[in-house]
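# sequence unknown, structure follows:
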């Protein structure tokens, strides 16, 4: 049984992150292609890819807080 990750539910309450469906042209392309490979073969692995930008004093606390929020939701819920 294939279940997609509900990204909108997963990031609800987050303030410093956003969902993007364009993987860019760097390492992200390779990671996304592996995810698509799994999806095409209907394997039951659920995964997300999180690109973390260069952290600095301005973005560190927001990204850290949102990351903890997402990790907690993934760990505590089977409905994301």
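Received it, and whenever you're ready, just let me know what you need. From a predicted model like this one, the values you see are computed outputs, not experimental measurements.

# so who does residue 18 touch?
Residue 18 makes contact with residue 11 under the criterion C-beta atoms under 8 Å, 6 or more residues apart in numbering. Using the backbone N, CA and C atoms, a C-beta is placed for each residue, glycine as well.

# state which helix of this structure is the longest.
With residue count as the measure and DSSP state H as the assignment, the chain has helix 60-76 as its longest helix.

# what comes up buried for that one?
If you call a residue buried by 16 or more other C-beta atoms under 10 Å, then helix 60-76 has these buried ones: 63, 66, 69-70, 73.

# ok, the residues you listed vs residue 48, which is closest?
When these are compared for distance to residue 48 (C-beta to C-beta), residue 70 comes out closest, at 8.0 Å.

# now that closest one: how far from residue 77?
Computed as C-beta to C-beta, to the nearest Å, the residue 70 to residue 77 distance reads 11 Å.

# ditto for residue 9
Residue 9 is 9 Å from residue 77, where distance means C-beta to C-beta.

# where does the prediction get shaky in the chain?
Along the chain, the parts satisfying pLDDT under 70 run over 1-3, 22-39, 42-46, 78-80.
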